[in-house]
Every structure is written in structure tokens, then in C-alpha cells.
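Asks: Structure for the following, please:
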Amino acid sequence: MKKTVLKLMCALGIIAMAPACGNSGQKQNKEKEEKTMAFDASTLSEEPVLDIKTDLGTIKVKLYKQTPQHRDNFVKLASEGYYDGLLFHRVINGFMIQTGDPLTKDSSQSAKYGTGGPGYTIPAEIVPGLTHKKGALAAARRGDAANPMKESSGSQFYIVQDPNTCAQLDGQYTVFGETLSGFDVIDKIAAVQTDGRDKPVKDIHIISIRPEVKVQAPAETAVGTEAAVEE
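Replies: Predicted structure coming up:
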């Protein structure tokens with residue numbers, strides 16, 4: 001078991017976030033484009049609740065106020081529609097499901113899936129007590145040899161499916177949120193057939209990440225207040 005967990009940890013660290021090369025020109029062009037915001041991030045609470053809508057259902061998550069840089073970055077990217085259409089490019093049943101790589105929008109880049117990002121990293125915000133429980137959201141990153149400060153990927157993240165195998169990641173990766181509902185969706189994604197690189201054989205997309213939609217109860221109708229219509 002220990003060897004298996006260590007193998008999974010190493011794989012996560014290596015694949016999670018390697019800087020993409022040759023994208024500086026594309027980045028500059030994108031920055032010049034006027035962005036259409038999917039929602040106003042300034043209206044969200046200190047611990048925002050977001051719906052991650054996928055092909056297999058919706059995962060409702062809450063972001064932690066104890067990890068403000070990761071929270072604010074995630075909300076910013078989501079509000080820009082950054083995650084819309086991205087794949088869950090790495091899925092390991094009994095471990096976690098991973099997404100957030102912009103390269104997954106281009107199937108010709110499949111050999112590089114797991115190496116893309118927005119062009120920056122985030123300082124680690126590893127907080128005692130924020131653990132890899134089931135449904136925890138955590139930031140992917142490069143391994144310790146290349147990244148001794150444990151800085152997080154600017155966009156790639158994973159969701160814990162099995163807290164037992166992920167417990168060894170506590171204190172090593174920044175946990176910045178948790179799942180409130182949709183645990184069955186996590187299990188559905190984790191259970192799909194994958195290839196030799198842990199990529200789902202059938203693509204699973206993030207359709208959108210938006211603030212939760214609160215369903216308001218219908219207003220009560222007062223009894224006996226309707227006016228009679230006289231003819």
C-alpha cells in the first residue's frame with residue numbers, strides 16, 4: 001500500500017504542472033482580447049459556493065477563506081470561463097480526478113495533457129486541518145525536486161475520491177475547498193474506463209463553473225385576497 005501511494009504521489013507531482021513552452025505570444029494575444037465575464041466575482045461571499053457542471057453531473061463545492069490566494073485565483077478563472085470545456089485529463093479510481101489544463105481543449109496536444117496552465121504559479125497555502133478528505137479540492141503542482149516551495153499550478157486541480165489513499169498528500173499539496181454535494185458524480189468520473197496514461201477513454205468535460213443557483217421557494221398566496229370581477 002505504501003509503495004502504491006508513493007507511486008501515485010510521484011505521478012501527481014510530475015504530471016500536475018510543468019510550464020508550457022512557446023506560448024508567450026499566444027498569452028500576450030489573449031491578454032489583449034476583451035474578456036466576457038461569466039459572472040461578477042466581487043459579489044461572492046468569503047467562502048463562495050460554486051457548481052462544477054460536468055458531463056456526468058454537478059459537483060457543488062465551497063472554497064476556503066483560509067486559502068485566499070487559491071480561492072481568489074479559482075474564482076477569477078471561473079468568472080472568465082477559463083475552465084469551460086476543459087477535460088478531466090487524469091482519472092485514477094480509488095485516488096482522485098484531475099482537471100484544469102487548458103491544453104485539453106486541443107486534442108492535437110494530448111501528449112502534453114497535464115503540462116498546461118495560465119503561465120504562473122501560486123504560493124503554497126498549506127493549512128493544518130485542511131485535509132484530503134473525500135471531495136476535497138486541492139491544487140496540482142510539480143514535484144519537490146523542481147518545486148521545493150510546493151507552489152501550486154495556476155489552474156490545475158484535483159478532487160479527492162478516496163481519502164485513504166490521498167491521506168499521504170496532507171501537508172504536501174494545498175487543499176483549498178471541499179465538496180458539498182455531488183459525491184456520486186466524483187465516483188462516476190473516477191469509475192470510467194481510462195487508457196495507459198490515466199486519461200478517460202471517453203472525454204469528460206467541465207461544462208461550466210458558476211456560483212450556485214439558489215432555488216427560491218414560491219411566495220405564499222394570501223387566502224381570500226383576490227378581488228372579485230364584476231360584470
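Asks: so what's the residue nearest the centre of the chain bridging to?
Replies: Compute the mean C-alpha point of the chain, and by C-alpha atoms, centre = their mean the closest residue is F157, 4.7 Å away. F157 has these beta-bridge partners by DSSP bridges: T99, A139.
Asks: Is it in contact with I122, as I believe?
Replies: No: the pair F157 / I122 is not scored as a contact, 10.7 Å apart, by C-beta atoms under 8 Å. The way it works is simple: take the backbone N, C-alpha and C, and place the C-beta from them, glycine included.
Asks: so what sits against both of the two?
Replies: A139 (C-beta atoms under 8 Å, 6 or more residues apart in numbering).
Asks: Where do the helices of this structure begin and end?
Replies: Listed in chain order, the helices of the chain (DSSP state H) span 2-16, 24-32, 68-79, 163-166, 183-190.
Asks: Distance from the last one to the middle of the chain?
Replies: Translated: helix 183-190. 14 Å (C-alpha atoms, centre = their mean, to the nearest Å).
Asks: tell me, how many neighbours does the closest residue to A78 other than its chain neighbours end up with?
Replies: Leaving out its chain neighbours, the residue that sits closest to A78 by C-beta to C-beta, 6 or more residues apart in numbering is I209, at 4.1 Å. Using other C-beta atoms under 10 Å, I209 has 24 neighbouring residues.
Asks: Same check on L77?
Replies: Around L77 there are 18 residues (other C-beta under 10 Å).
Asks: Confidence-wise, which helix or strand of the chain is lowest on average?
Replies: helix 24-32 (a mean of 46; mean pLDDT, DSSP states H and E).
Asks: What are the neighbouring residues in contact with D195?
Replies: Per C-beta under 8 Å, 6+ apart, neighbours of D195: V201.
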